[in-house]
Structures are given as C-alpha cells and as structure tokens.
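**Q** A predicted structure for the sequence below; I have some questions about it.
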Amino acid sequence: MRKFSPWIAGLVVIAAMIATVWLWTPPPAKFDAEEAIAAAGRYDARIVRDSFGVPHIYGVRDADVAFGLGYAHAEDDWATFEDVVLFTRGALAQRDGKDAAIMDYLVVALGAGQAIDEKYEKDLSQETRDLIDGYVAGLNLYCAEVDGRCSPGIAPITPKDTVAGFAARTPFFYGLEDNIKALFAEAPEEAAKIDTIKESYLRVGEEAELGSNAMAVAPSRSADGATRLMVNSHQPFTGPVAWYEARVHSEEGWNMIGGVFPGSPVILHGASPEIGWAFTVNKPDLVDVYALETDRKR
C-alpha cells in the first residue's frame, strides 16, 4: 500500500474542512429596517464635522454618543465595515470565494463566537453592553435608511458581532499566523497562502514597515515643563485596522478625541483634557503548536 507523509494527510484534512466552510452558506439573516429605525429612536446624538470632515459627536449619555460614532463611521467607510463583519463571522468566502475560506476556517477555529455566546452577559458590565448596543444601533440605522445601501446578509449587525471583531482580530496582532505556519514546514507554498490572505484582508503588503511606537515625555524632562505623548501607530491608511479619527463628548463624562477601528465603539488611541494614552503591539507567548505522531498500525 502506498504511504503518504503526515503533512500531506494533514493538508487533505484541512482542505476538506475549508471546503466545508466555503460550501456551507447559511441564508442571510432577516433584516427588519423598521425595527432598526425604531431601535435607533432610543438614542439621540448630534454629529458636527469640522473642516477636515472629522466627526465631533455630542449626546446626553455615553450610549447616545456611541450611537453617533457608529453612524458617522458607517457614513464614511461602510465598505470596510462589511469586510470586518464577514471576517468576524468567518464568512468572507461567501463573498470572496474559496481562497478566503482559509481565513474563515482560522476565525471559526479560534472559537470566538462560542466564547462570546457563553460569556457576553457574564463578563461584560451592563454599562459596556449599553455602549455596544448604542453603537450597533447606529450601524443598523445606516443600513435601514436606504434600501440596498448595505449588502444582503450584513445587517442586522449584533452586539456580539462587535465583540467578536475584537476577539478574532487580536490574535493576528501578536502573530498567530506565524505559529500556524509552523504546521506547514514541509509545504511552504501552503504557508505562503496564509500570509497572502492576511495581507489582503488587512491591506498591508510585504513591504510594509510594521512595528508601532509610543513615547511619553514627563514635565521633568521637558525644557518648557510640558507633558508630551507621541502616538506613532504603524497602521495602513485603509482597511479594517486603519485609524478613523473622531471626537466624542457626553454629559455623562465622555470627552476625548482619538482613533478607532471599524467596529470599535470606544476611542482606542486618544486624549482627554486630563490624560492621553497610546499602546503598541508586542508578541507574547500565548500560542503553542505541536504535531501528533500517530501509530500507523492502528
């Protein structure tokens, strides 16, 4: 009997799973535009754009402002929101074809959706869930206002979609794909596909200079006694991890300006009248990859 090397057998199994993900296409969720408009009626935000088009969003509650942030961002970059939603749901292949099924499989394999279903209400405070509810109400209102404005099957966007977006994207910031590629040591052409798909989705090429910087200078080290913060995040200019600038202000305490990603209901990099904050990406050892040696006699 002809024997196949273990990595070929592994590729066959993975290919079968990818084909399953690609071919299994559930019907689009039903979107009730009238219901989305009614839900938006629970929020009230005012969006004022400056001369650069940056939205300054005002509301009584933080949730009102999150609602306005979702709507303003959708107005400016809806196409990217659709990319993010499909990625988060592990459904890119339904639109982009079988090559995207590899990324879909990885997203589904991470189990973010299942974890969020189990922990959403337990691990997230009511305050946080209120913000997310307002944010997705803004996104869904954008789709509801004009028939056909959003692609079929995208709306309604759910609060869990938003949280899953964070959970599914974060592992790729610390290099999950490098660990996965170790499984394809004997098949470099297959490993290369993972990089290609990631670069296509994130819109970063091989020539991109990745690696962010954040620097703070204390008053004691400034000639004029001022505090300075340099935010130098190396992100692409477009796509699901490109910064979008906004200012948010509520009567409950929100008062900050900074950047968000599509799908983020809160400012990620930014400053308020009291503080400024920034962060960079590192690569903690959070993933272990191992190969099982099987007994071929069994």
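**A** Sure thing, it's come through.
**Q** So which residues of this protein form helices?
**A** 6-23, 33-40, 62-88, 93-96, 101-110, 112-123, 126-145, 159-173, 176-181, 188-202 (DSSP state H).
**Q** Buried residues, stretch 170-185. List them.
**A** Pro171, Phe172, Gly175, Leu176, Ile180, Lys181, Leu183, Phe184 (16 or more other Cβ atoms under 10 Å). All C-beta spots, glycine's among them, are computed from the backbone N, C-alpha and C.
**Q** same thing with stretch 146-166?
**A** For stretch 146-166, by 16+ other Cβ under 10 Å, it's 150, 153-165.
**Q** With distance to Asp285 added, can I get those residues in TSV?
**A** Listed next are the buried residues of stretch 146-166 as TSV, based on distance: Cβ to Cβ, whole Å:
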residue	distance to Asp285
Cys150	40
Gly153	38
Ile154	36
Ala155	39
Pro156	38
Ile157	34
Thr158	33
Pro159	31
Lys160	29
Asp161	29
Thr162	28
Val163	25
Ala164	24
Gly165	24
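**Q** Rank those by pLDDT and give me only the lowest.
**A** Within the set of the buried residues of stretch 146-166, pLDDT is lowest for Gly165 (89).
**Q** Just to check, it is in contact with Val241?
**A** No: Gly165 is beyond contact range of Val241, at 10.7 Å (criterion: Cβ atoms under 8 Å).
**Q** Run through the residues that contact the residue nearest in space to the middle of the chain.
**A** Nearest to the geometric centre of the chain sits Gly165, at 3.9 Å (Cα atoms, centre = their mean). By Cβ atoms under 8 Å, 6 or more residues apart in numbering, the residues touching Gly165 are Val84, Val85, Phe87, Thr88, Gly263.
**Q** can you rerun that using 6 Å?
**A** If you count contacts by Cβ atoms under 6 Å, 6 or more residues apart in numbering, Gly165 has them with Val84, Thr88, Gly263.
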